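# This is the structure alone, sequence omitted:
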């Protein structure tokens, strides 16, 4: 594999720093050099950086450690974005937001001062670490399954009726519900089911940043569920109803932001993830069918989120499975292509009524007669 860019050139730009990649991505501008601290960079975070068209990415931690096969570094490589990792957390102490820095190979410079060195994350590094990750998968899977089972015993109230479900204004009874999470391939999948959205008009349930996704496509969330840490103020304000996901002990950090914006919200105490709670709410409130876009549903998804197991997701899907349709990846199932024969038949079909109307017009019939006479005269 060959790099789509040259590391021999000096790459310079203003530095933008953020230890939380998804938060940093919101304030990046094209041409910035993003400095992050994100071990095992996940695909979604990498895409958020690539979408901002950053000039380069510097990671204080290991972007790909070989612990498991994470695709973030590959996303940056395919986007042609120069990428260094293992630069050290000290970089956050010596670089200020907005400082103009330069990358020369694996070195990071500012006004003639060498600040740090890192590892060039190129195709060779990615391939090597991916091979290592594949070897680790078996032992990792065993640990992951064990953790999932242990946590399932603690979180069994998710399906045994031990949770207090808040009374919602949103009506689900007998309707379809669509739960939108800002996960892998969410844009493509949402586009693929757009006709379903417009025709069926399901209850739109957003999980945190999923509210921004719906607004991006012109839809207003009926219900927003989450800890409210990765959703914009605009989406928070426009959602018709909000449920803050609180810890089992009652702590709900997201309520502070809700109050600061002068909004109201209900609180639901529960273990697990916010997307699990969204699925559970739709189920318990009587949704006839639940479609899910962008949800996390496998080991790699959860490892990328920093979770050691997926007990809550396992339990919730066990309960709602008879009504759940997972739309994740549906955009990859079939890409419709219109054949030339179909276009010809469509054109002929459209032309028949036009010809019939034209022939019924005296003016058009007279024009046809004149053309026929001229043709006969010419022959």
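Received the coordinates, thanks. Since the structure is predicted, the reported quantities are computational estimates derived from the model, not experimental observations.
# For residue 258, give me its contacts.
Going by CB atoms under 8 Å, 6 or more residues apart in numbering, residue 258 touches 228, 236, 242, 244, 264, 265. Quick note: C-beta positions are derived from backbone N, CA and C, even for glycine.
# Return the item of those residues having minimum pLDDT.
Ranked by pLDDT, the contacts of residue 258 bottom out at residue 228 (92).
# got a list of what it touches?
Applying CB under 8 Å, 6+ apart, the residues contacting residue 228 are 208, 236, 242, 244, 254, 257, 258.
# Against residue 81, how distant is it?
From residue 228 across to residue 81, the span is 30 Å (CB to CB, to the nearest Å).
# what does residue 119 give?
15 Å.
# quick one, which of the two is more surrounded?
residue 81 (21 against 16; other CB atoms under 10 Å).
# Neighbours of the spatially closest residue to residue 238 that is not a sequence neighbour, how many?
Spatially, and ignoring its direct neighbours in sequence, residue 238 is nearest to residue 220 (5.7 Å; CB to CB, 6 or more residues apart in numbering). Neighbourhood size, residue 220 [other CB under 10 Å]: 13.
# In three-state terms, label residue 220 for me.
coil (DSSP: H, G, I helix; E, B strand; the rest coil).
# Spit out the contact partners of it.
204, 214, 238, 239, 240.
# Is it correct that the fourth one is in contact with residue 223?
Spelled out, it's residue 239. Yes: counting by CB atoms under 8 Å, residue 239 does reach residue 223; the two are 7.1 Å apart.
# Got phi/psi on the closest residue to residue 39 other than its chain neighbours?
Excluding its sequence neighbours, the residue lying closest to residue 39 (CB to CB, 6+ apart) is residue 61, at 4.1 Å. With angles defined as degrees, to the nearest 10, residue 61 sits at phi -100, psi -170.
# Kindly tell me how buried residue 61 is, as a neighbour count.
Residue 61 sits with 17 neighbouring residues when counted by other CB under 10 Å.
# Find me the pLDDT at it, would you?
96.
# before we move on, the earlier item: so what's in contact with residue 239 and residue 223 at the same time?
Listed contacts common to residue 239 and residue 223 are residue 206; contacts here mean CB under 8 Å, 6+ apart.
# Would you map the helices across the stretch 151-300 of the chain?
With DSSP state H, counting those that start in this stretch as the criterion, the stretch 151-300 of the chain has helices at 157-160, 186-192, 194-200, 210-216, 233-238, 254-260, 274-284, 299-304.
# what does the shortest one rub up against?
Okay, so that is helix 157-160. Outside helix 157-160, the residues that touch it by CB under 8 Å, 6+ apart are 163, 270, 271, 272, 276, 280, 312, 315, 316, 318, 319.
# List only those of these flagged as buried.
163, 270, 271, 272, 276, 280, 312, 315, 316, 319 (16 or more other CB atoms under 10 Å).
# For those, name the two members farthest from one another.
Maximum pairwise distance among the buried ones among the contacts of helix 157-160 (CB to CB): 14.0 Å, between 271 and 319.
# Does residue 30 belong to a helix, a strand or coil?
The assignment at residue 30 comes out as coil when based on three-state DSSP.
# Give me the distance between the closest residue to it other than its chain neighbours and residue 123.
Once flanking residues are discounted, residue 30 sits nearest to residue 53: 4.0 Å by CB to CB, 6+ apart. Separation of residue 53 from residue 123 (CB to CB): 21 Å.
# so what's the residue nearest to residue 238 scoring on pLDDT?
On pLDDT, residue 220 comes in at 96.
# what does residue 300 give?
So residue 300 comes in at 71 (pLDDT).
# any weak-confidence spans in the stretch 1-150 of the chain?
For the stretch 1-150 of the chain, the stretches with pLDDT under 70 are 1-8.
# quick one, strands of it?
Counting by DSSP state E, counting those that start in this stretch, residue ranges of the strands within the stretch 1-150 of the chain are 11-18, 33-36, 56-59, 83-85, 100-104, 107-110, 113-117, 119-120.
# can you list these in JSON lines and add distance to residue 135?
JSON lines is the format used below for the strands of the stretch 1-150 of the chain (distance: least, CB to CB, whole Å):
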{"stretch": "strand 11-18", "distance to residue 135": "32"}
{"stretch": "strand 33-36", "distance to residue 135": "27"}
{"stretch": "strand 56-59", "distance to residue 135": "23"}
{"stretch": "strand 83-85", "distance to residue 135": "20"}
{"stretch": "strand 100-104", "distance to residue 135": "31"}
{"stretch": "strand 107-110", "distance to residue 135": "32"}
{"stretch": "strand 113-117", "distance to residue 135": "28"}
{"stretch": "strand 119-120", "distance to residue 135": "20"}
